[in-house]
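Trainee: here is my input; please provide its structure:
(one chain, ligands or ions: 2)
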Amino acid sequence: MILALETSCDDTCAAVITAEGEIRANVISSQRVHDRYGGVVPEIASRHHLELIGDVVEDALAHAGQELGEVELVAVTRGPGLVAALLVGVCTAKALAAAYELPFAAVDHLHGHVAASFLAPAPFEPPFLSLIASGGHTFLAAVKDHGPDYEVLGQTLDDAAGEAFDKGARLLGLGYPGGAALERLARDGDPAAFDLPRAAKLPGLDFSFAGLKTALLYRVRGLGPEQTERRRADLAASYQRAIVESLALRVERALSGTGTDRLAVGGGVAANTALRERLTRLGVELNVPPRELCTDNAAMIASAGRYVEPAPYPNYLDLDVYATGERAPVTR
Ligand code: KG4
Ligand code: ZN
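Mentor: Ligands and ions are numbered 1, 2, ... in the order given. Model prediction:
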């Protein structure tokens, strides 16, 4: 049994999985206290993790019908993420592992998103192309084996795709995080009503959403006081179409460039129906894990933990966290 913790942002998560990748428990406590600030406040996230983590771990073990003494490996997200938030997960994981002198797997969060596809009951086996699009990261990677290494082919030069959804939602007067709300508004709109930029001229496989966001700002202002619900829906649909097409364009380039016909998608934006439908039309073998495994969760960290060289007790006690992807086990 593997026990994993994930606290890199504002979700306090613990999971128990078997070595074969069968999920026995996957507990996610979303803090929902950051909405009023329009973004995650690191200190508040950290404090809430501290309050919640004990109960979340207990819930996961109870749900899995396991005692801590039966756990064989403790895995945890080491980075990238908010340092104060990561520290809560890493310190808790160290304490739990040390109490039973267990081995310890320090997992990179992005490897975790990729490894969501390796979970039972229908593991998607490498090699494949992976598109990860969430609130904090957007990248394309060639996944040749279970990792922890994989080759990053392209990544965002500015905003992440989820961030673009969130900022667009804010401009349209929707709450935070706004991806799902923007998708709902877009349902009644015409995606061809507004012509918005997709950074199509940007060569290669990197993404950019900053120009699109600015274009939306001017279009929202241009709507003026006679902002009808209909026009807002048109704008939301056009904006969503631009993000989806921008992602799909790079995926198409990467598929033809690498000669791959297998694609896995992960991250919170993978919940978007327009994106799923667009990628389905590519005609490749497509893997999109269930929604709760696309957004941040600890089952994906446990899954990745199976492919990390574990540190034996007590070699992990001075292990530190990292905030950015610089120390992530990715190459480019
Ligand atoms: O993976 P995730 O839960 O957390 C991060 O690691 O960031 O992703 C959250 C992001 C948010 O930006 C949210 O707006 C976006 O995923 N998101 C969506 C949808 N559901 C969540 N974006 C577009 N359409 C959705 N239905
Ligand atoms: Zn994430």
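Trainee: how many residues are close by L286?
Mentor: 17 (other Cβ atoms under 10 Å). Every C-beta, even on glycine, is put in place using the N, C-alpha and C of the backbone.
Trainee: and the gap between it and F128?
Mentor: Between L286 and F128 the distance is 10 Å, computed by Cβ to Cβ, to the nearest Å.
Trainee: shared neighbours of those two, which are they?
Mentor: L263, A264 (Cβ atoms under 8 Å, 6 or more residues apart in numbering).
Trainee: in this structure L3 contacts A14, no?
Mentor: Yes. L3 is in contact with A14 according to Cβ atoms under 8 Å; the separation is 7.0 Å.
Trainee: kindly state the pLDDT recorded for Q31?
Mentor: pLDDT recorded at Q31 is 73.
Trainee: coming back round to it: who touches both of L3 and A14?
Mentor: V57, A60.
Trainee: the two: who's more crowded?
Mentor: A14 (36 against 30).
Trainee: what's the closest non-adjacent residue to the more buried one?
Mentor: Counting by Cβ to Cβ, 6 or more residues apart in numbering, the nearest residue to A14 once its immediate chain neighbours are dropped is A60, at 3.9 Å.
Trainee: for that neighbour, what are its contacts?
Mentor: L3, A14, A15, V16, A25, N26, V27, A298.
Trainee: what secondary structure does the first one sit in?
Mentor: Reducing the assignment to helix, strand or coil with DSSP: H, G, I helix; E, B strand; the rest coil, the entry for L3 is strand.
Trainee: please report how far it lies from ligand 1.
Mentor: 21 Å (Cβ to the nearest ligand atom, to the nearest Å).
Trainee: which one is that residue nearest to, not counting chain neighbours?
Mentor: In space, L3 is closest to V71, 4.5 Å off (Cβ to Cβ, 6+ apart).
Trainee: what pLDDT is listed against that neighbour?
Mentor: pLDDT, V71: 98.
Trainee: ok, it touching Y100?
Mentor: Yes. At 7.1 Å, V71 counts as touching Y100 under the criterion of Cβ under 8 Å.
Trainee: re the thing from before, wait, a helix at the residue nearest to A14?
Mentor: Yes. Judged by three-state DSSP, A60 forms part of a helix.
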